[in-house]
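Engineer: what follows is a protein structure lacking sequence information:
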C-alpha cells in the first residue's frame, strides 16, 4: 500500500469497490459504456494487478474509492495498462500522476519489456512516464469483436 497526503493506493482486490468501478466504466468511460457488472467483475478477477486509489487509508473507516487502473501482464515481456480513471470530483489533485508513478515504479513491473496502453486524450499524462507512439505500427494487429457485451 502507498499513502500520500490523505489518499492511498492498494493492489489488494478485496479493497476494491466494484460498484464505483462499474458505475464509472459503464456510464462515463468512452471505452466501455454499457459494460455489464459481471464483465467488470470477471476482468478484475483475471487481471494480474488492479490498483485502487482511495480517499483515506485503506482498511480504515470512511475510505472511499476515487480511482482505478488495471495492468494485464506476464511480469516479464508484456504489460497492458487499461481502465484507468480518477473520478471527476477528485481530478486536478495530482492523483493520476501519482497513480502512474506507483504503477511504472512497481517492483514487478519496472523491468517489463513492452508496456502498452491505448488512449483517446491522455497522451500528455502518459508521455511523462515514458509512453510514446508505437514504433512500427504496421507490425501490430488486432481482432475486435463487435458489441462484446
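Structural biologist: Great, that's in hand. This is a predicted model, so every value here is computed, not measured. Residues are numbered from 1 along each chain as shown.
Engineer: off-centre distance for the helix or strand residue 38 falls within?
Structural biologist: Residue 38 is located in helix 37-45, with elements delineated by DSSP states H and E. Relative to its chain's centre, helix 37-45 lies at 14 Å (CA atoms, centre = their mean, to the nearest Å).
Engineer: packing partners for the helix or strand where residue 23 lies?
Structural biologist: Under the criterion of DSSP H and E, residue 23 resides in helix 18-27. With contacts defined as 3 or more CB pairs under 8 Å, 6 or more residues apart in numbering; DSSP states H and E, helix 18-27 has these neighbours: helix 37-45, strand 64-73, strand 78-86. Where you see a C-beta, it was placed from the backbone N, CA and C, and this is true even at glycine.
Engineer: buried sites along the first one?
Structural biologist: Just to be clear, that refers to helix 37-45. 39-40, 43-44 (16 or more other CB atoms under 10 Å).
Engineer: and for the last one?
Structural biologist: By neighbour count with 16+ other CB under 10 Å, strand 78-86 contains the buried residues 79-86.
Engineer: out of those residues, which is nearest to residue 118?
Structural biologist: Nearest to residue 118 out of the buried residues of strand 78-86 is residue 82 (CB to CB; 7.5 Å).
Engineer: who's in contact with the nearest residue to the closest one once chain neighbours are set aside?
Structural biologist: Excluding its sequence neighbours, the residue lying closest to residue 82 (CB to CB, 6 or more residues apart in numbering) is residue 70, at 5.3 Å. Residue 70 makes contact with 43-44, 47, 49-51, 81-83, according to CB atoms under 8 Å, 6 or more residues apart in numbering.
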